[in-house]
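Visitor: pasting a predicted model and its sequence here:
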Amino acid sequence: MNRHAIVSTRIGDLTLVASDDALAGVYFPHHWVRPAAETLGDRAEATDPVIAGAARQLADYLAGERTSFDLPTALRGDDFQLRVWSVIEGIPYGATTSYGEIATRLGETAQAVGKAVGQNPLCIVVPCHRVVGKNGSLTGYAGGLERQQFLLDLEEPVTARLF
């Protein structure tokens, strides 16, 4: 059963969605691909164990005190999306890769990869902010380019490198 809560972070409010004992969604306000309101489930308290754990780890990450997440997640998508998101999960902290590089790796088009990246339901946790355009340019991010730049800058102490 899905449930959700809105938590305040240093990059704005995030809607966290829990499904049973796992995190199923992290959404920005005005997120590009946001699920229908009824799929978010009932409003939960921020003390819900899944939501509280995710909020704590996100706060630690945004404070520069965490470089990875240790959360049970429930990623739901088609086979191609799951393949793309799996590649994204493997991009190390402080590194970036491009849509084209993922496309080459998966034998797909950069446009198809871009669409799957844009539909990532677990922003930040599945670090789609580490996927950039050709030559490292910022070309789009569900939370907006300013948030993407903030997240990349947060990870900057590690030398940026292509993955």
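Guide: Happy to help now that I have it.
Visitor: CA atoms for contacts and neighbours, from now on please.
Guide: OK.
Visitor: tell me the pLDDT of L138.
Guide: Looking at L138, its pLDDT is 91.
Visitor: so the residue nearest to D42 when sequence neighbours are not counted is in which element?
Guide: Spatial nearest neighbour of D42, excluding adjacent residues (C-alpha to C-alpha, 6 or more residues apart in numbering): R3 at 4.7 Å. Per DSSP states H and E: R3 is located in strand 2-9.
Visitor: who are the packing partners of that strand?
Guide: strand 12-19, strand 42-43, helix 49-62 (3 or more C-alpha pairs under 8 Å, 6 or more residues apart in numbering; DSSP states H and E).
Visitor: what's in contact with the second one?
Guide: Under the criterion C-alpha atoms under 8 Å, 6 or more residues apart in numbering, residues 2-5 lie in contact with strand 42-43.
Visitor: pLDDT on it, on average?
Guide: 92.
Visitor: go on, stretch 117-135?
Guide: For stretch 117-135, mean pLDDT is 94.
Visitor: go through it and flag the buried ones.
Guide: Residues 117-133 are the ones in stretch 117-135 that count as buried (16 or more other C-alpha atoms under 10 Å).
Visitor: again with stretch 151-158
Guide: So, applying 16+ other C-alpha under 10 Å, buried residues of stretch 151-158: 151-152, 154-155.
Visitor: related to what we said a few turns ago, partners of the strand holding R3, with directions?
Guide: If you go by DSSP bridges, strand 2-9 pairs up with strand 12-19 (antiparallel), strand 42-43 (parallel).
Visitor: so what's the residue nearest to D42 up against?
Guide: Residues in contact with R3 (C-alpha under 8 Å, 6+ apart) are 17-19, 40-44.
Visitor: ok, P121 next?
Guide: 24-27, 75-76 are the contacts of P121 under C-alpha under 8 Å, 6+ apart.
Visitor: one more time with 6 Å, if that's ok
Guide: Counting by C-alpha atoms under 6 Å, 6 or more residues apart in numbering, P121 makes contact with G25.
Visitor: if anything else comes up later, I'll come back, but that's it for now.
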